[in-house]
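Q: Sequence first, predicted model second:
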There are 2 protein chains.
Amino acid sequence: MKARVTVMLKQGVLDVQGEAVRHALGSLGFDGVAGVRQGKVIELDLTDTDASAAEARVQEMCDRLLANTVIESYRIEIV
Amino acid sequence: MKARVTVMLKQGVLDVQGEAVRHALGSLGFDGVAGVRQGKVIELDLTDTDASAAEARVQEMCDRLLANTVIESYRIEIV
């Protein structure tokens, strides 16, 4: 079973990577980019067979390691 | 219009971040994690109104800036 975790900075937290990308796109001549946010995606190969148990375990992984929940939010997809 | 770009290292390219996460999860007592791959996700706010034109433009952004296509693959979703 695979799980995909997407971790993004919360709204209101300055995203310097995203701003750098937006600026670089403008320098390359790409107009019409109003905003950019950059985050990370973590794909986990799990040996679990029960989807809901897997999701609960991945949520614990996020809270303990994968995301800094003070400034980041995360989304879990079981695929 | 929003576009979400997911950039991952290609299969066969050593993913040291993913390996570090897998090791750290093991140290925290999370068993049953067979593999971890880490990539990045870039969310773009576009002023485009035509989805297919937007997708073509985002593809060009990926090829020129957002992904290193020698070692990374990317996926574009228009949302």
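A: Perfect, I can see it now.

Q: close to chain B, is stretch A:18-35?
A: Yes - using C-beta under 8 Å from any C-beta of the partner chain, stretch A:18-35 comes into contact with chain B via A:18, A:21, A:24-25, A:28, A:30, A:32-35. C-beta coordinates here come from the backbone N, C-alpha and C atoms, glycine included.

Q: Check stretch A:64-79 too.
A: Yes - Stretch A:64-79 reaches chain B (C-beta under 8 Å from any C-beta) through A:64-66.

Q: which intervals of chain A have sub-threshold pLDDT?
A: Chain A contains no residues with pLDDT under 70.

Q: Can you show me the strands along it?
A: Here chain A has its strands, by DSSP state E, at A:2-9, A:33-46, A:72-78.

Q: okay if I get these as JSON lines plus mean neighbour count?
A: Output for the strands of chain A, formatted as JSON lines (neighbours: other C-beta atoms under 10 Å in any protein chain shown):
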{"stretch": "strand A:2-9", "mean neighbour count": "19"}
{"stretch": "strand A:33-46", "mean neighbour count": "20"}
{"stretch": "strand A:72-78", "mean neighbour count": "16"}
